[in-house]
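S.K.: Provided below for reference: sequence and predicted model.
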Amino acid sequence: MDTFFVITAIVLGIVGIFGAIIPGIPGTPLSFVGLLLLAFVPECDYSVGFLVAMGVIAAIITVLDYVIPIYGTKKFGGTKMGVRGSTIGLIVGIIVLPLLGIVLGPFGIGGIILGPFIGAYIGEIMAKNDTNAFRSALGSFLGFLAGTLIKVIYGIVVMVFVTKDGLQFLF
């Protein structure tokens, strides 16, 4: 059973990192669940304080992921349409462009970067915010990048713990 917990924790850690970038996959909570699963393995002696701290950090990051892009957009003069456009642009950049055979750079990184910006810009144009569209798209994009960066860092930190302690158990 311990081997199952370790392998599942490692898989959840990997999915958590991908989920930090791909919308619709709750990366931060999945990473935390992986860490939590590893706590059931006797050889991994995480303290309750450590697990609570990592859970609180995961909850804060999950909330901030919704707040930061909105803050960035509003700070730069944007609208809700800019935020929605940024999210739609990300989905198009990650899923639709590769399906059409358009891969912008290795692993479609270009779509991940350009999609939110272009989507926010189009959203602002649709909201009749023509004069401020570029600036608010930039704000939405920067907010998206900041939120994504925070989630990726958390996922990597958790993955370091999961990999180090999980592989130590397996080998």
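M.R.: Good, I have the coordinates.
S.K.: can you pull the contacts of residue 132?
M.R.: 76-78, 124 (CB atoms under 8 Å, 6 or more residues apart in numbering). (Glycine included, C-beta is placed from N, CA and C.)
S.K.: and with 6 Å instead?
M.R.: For residue 132, the contact set (CB atoms under 6 Å, 6 or more residues apart in numbering) comprises residue 77.
S.K.: show me where pLDDT drops low in this structure?
M.R.: By pLDDT under 70, the low-scoring segments of the chain are 97-109.
S.K.: centroid-nearest residue for it?
M.R.: With distances taken as CA atoms, centre = their mean, the residue of the chain nearest its centroid is residue 20 (2.1 Å).
S.K.: which residues touch the helix or strand where that one lies?
M.R.: Residue 20 belongs to helix 2-21 when elements are defined using DSSP states H and E. Residues outside helix 2-21 that contact it (CB under 6 Å, 6+ apart): 25-27, 30-31, 33-34, 37-38, 40-41, 151-152, 155, 158-159, 162, 166, 169-170.
S.K.: and the buried ones among those, selectable in PyMOL?
M.R.: Selecting only the buried entries of the contacts of helix 2-21 in PyMOL, with 16 or more other CB atoms under 10 Å as the criterion:
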select buried, resi 26+27+30+31+33+34+37+38+41+151+152+155+158+159+162+166+169
